[in-house]
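**Q** below: sequence and its predicted model.
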Amino acid sequence: MADTPGAPPLPRTALEYFRAKGWNIPIDRAEEIWQEEHGNAFTVAKSAQADVLSDIRTYVDKAIEQGVPFERFAKELKPRLEQAGWRPDREKGRDIMPSRLRTIYDSNLRAAHAAGQFARAERTKRALPFFIYELGPSRVHREHHEELAGMIRPVDDPIWDTILPPNGYGCKCRVRQITAAEAQRRGYTGIGDLRDAGRNPLAPTTATNPVTGKQAKTFKGIDPAWSTNPAKGRTKYLANIMADKIKGYHPALARAVVADTVASQDFARYIDSPPSEKQVFKPIAVLSPDPSQQVVDKTGVAIDGNRVVRLSTETAQKMASKHPDITQEVWKQVQEAITKQPWQKAKKPNHYGIDFYRDDKHYRIVLKVLSNSEIYLLTLHRQNVPLGVP
């Protein structure tokens with residue numbers, strides 16, 4: 001279909017995004033789902049039965065993977081839902097199931113497409129550093145979305161945390177990744193491109209959820225339920241899930257999983273060109289359950305067992321700028337250093353230093369234990385003083 005992203009199949013990253021969603025609690029109205037919840041949980045209003053929700057999710061997954069157009073999606077799914085007893089309320093004698101299915105189809109496929117596109121943009125932003133906001137194929141566009149058309153901002157610009165399409169139910173707006181040369185040809189000046197044109201649709205506002213009372217900051221004309229970046233919420237969500245799973249693994253398996261992560265191409269991209277999202281991390285090591293390597297959190301309680309050592313995007317950005325000599329091969333040594341080398345209490349509370357050698361070069365790791373017992377690597381850098389010299 002021309003007006004839906006049903007064909008061809010969406011990129012693999014979009015499918016991975018959808019399959020990574022959790023399951024949310026049953027809801028009565030779509031308005032109850034706001035912002036990051038669209039990215040992290042699969043929920044359909046009025047579908048309290050688990051089997052109904054499972055059927056819908058299965059068909060959405062199929063639509064994303066195979067590029068199923070809406071007509072086929074609705075034709076195959078509707079009888080299964082009716083058989084299961086799912087019949088959305090009728091409005092003025094009109095069967096609203098087709099419109100409900102359209103909302104389910106469009107919302108999930110467009111959010112998956114946006115998440116996949118942003119994930120690719122993070123990997124290719126050196127060559128294509130900008131997004132341009134474009135209108136979709138709708139016959140009639142929202143007034144404020146029309147005002148955004150043509151806006152150019154860097155891929156890393158925080159504005160995309162709020163206005164990355166879709167920006168409302170039924171919104172068909174999109175962004176296109178472009179080169180710096182095209183941005184300049186289109187008049188991008190680097191600051192206030194919309195204000196320079198005498199217009200500024202990015203007027204901040206605060207919206208209140210009519211069902212839950214939850215408040216959210218957004219921009220005028222952007223549906224507050226969709227004023228988020230589904231790819232970014234997903235990254236943080238998956239990182240926390242991975243950390244939780246690692247905690248329950250056998251120590252040897254936990255270390256193997258983290259070692260594979262650090263050796264992956266994804267990690268190489270992470271340290272070479274860290275994403276802009278805050279409060280996201282990569283696991284880089286697992287604490288040994290050896291009692292001699294216990295550390296103490298701010299409450300004075302000893303931490304042992306499988307504890308993930310995390311590398312945040314903020315630290316990765318600083319490392320890429322200040323210590324570009326720390327290659328992926330050096331990062332691979334972190335697990336062994338943390339496991340085998342002695343821990344030294346630093347001057348600051350809950351900070352620990354670990355020294356190790358690689359290729360006759362002296363390196364130092366500094367870790368910090370937070371009040372919630374999470375452990376972060378603060379730095380990994382070369383030391384000019386040889387190991388063992390005071």
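**A** It's in.
**Q** measure the spatially closest residue to I338 that is not a sequence neighbour to T179 for me?
**A** Nearest residue to I338, sequence neighbours excluded (C-beta to C-beta, 6 or more residues apart in numbering): A285, at 4.8 Å. Glycine gets a C-beta too; all of them are placed from N, C-alpha and C. Counting by C-beta to C-beta, to the nearest Å, the separation of A285 from T179 is 38 Å.
**Q** of the two, which one has the most company?
**A** Taking neighbours as other C-beta atoms under 10 Å, A285 and T179 compare with A285 leading, 27 against 12.
**Q** what strands line up against the host helix or strand of the more buried one, and which way round?
**A** Following DSSP states H and E, one finds A285 within strand 281-286. If you go by DSSP bridges, strand 281-286 pairs up with strand 308-312 (antiparallel).
**Q** can you list contacts of the very next helix or strand once past the strand it pairs with?
**A** Remark: after strand 308-312, the chain's next helix or strand is helix 313-322, criterion DSSP H and E. With contact meaning C-beta atoms under 8 Å, 6 or more residues apart in numbering, helix 313-322 is reached by 270-282, 326, 376-381.
**Q** now the next helix-or-strand element following helix 313-322: average pLDDT?
**A** Downstream of helix 313-322, the first helix or strand assigned by DSSP H and E is helix 328-331. Mean per-residue pLDDT for helix 328-331: 94.
**Q** could you list the buried residues of helix 328-331?
**A** Within helix 328-331, the residues scored as buried using 16 or more other C-beta atoms under 10 Å are V330, W331.
**Q** and for it, what's in contact with it?
**A** V262, A263, F267, A268, I271, I284, R358, Y363, L380.
**Q** burial count for the first one?
**A** For V262, the tally of surrounding residues (other C-beta under 10 Å) stands at 22.
**Q** and what of the second one?
**A** With neighbours defined by other C-beta under 10 Å, the count for A263 comes to 14.
**Q** my read: it touches V334, true?
**A** No. At 11.7 Å, A263 does not count as touching V334 under the criterion of C-beta atoms under 8 Å.
**Q** would you mind measuring the gap between the ends of stretch 172-183?
**A** End-to-end distance of stretch 172-183: 22 Å, with C-alpha to C-alpha, to the nearest Å as the criterion.
**Q** in stretch 175-182, which residues are buried?
**A** Neighbour counts over stretch 175-182 (16+ other C-beta under 10 Å) mark V175, Q177, I178 as buried.
**Q** who's H381 bridged to?
**A** With DSSP bridges as the rule, H381 is bridged to R364.
**Q** and it, how close does it get to V308?
**A** Look at H381 and V308: by C-beta to C-beta, they are 21 Å apart.
**Q** where in the stretch 101-250 of the chain is pLDDT low?
**A** Where the stretch 101-250 of the chain drops to pLDDT under 70, the residues are 191-201, 209-214, 225, 233-238, 240-241.
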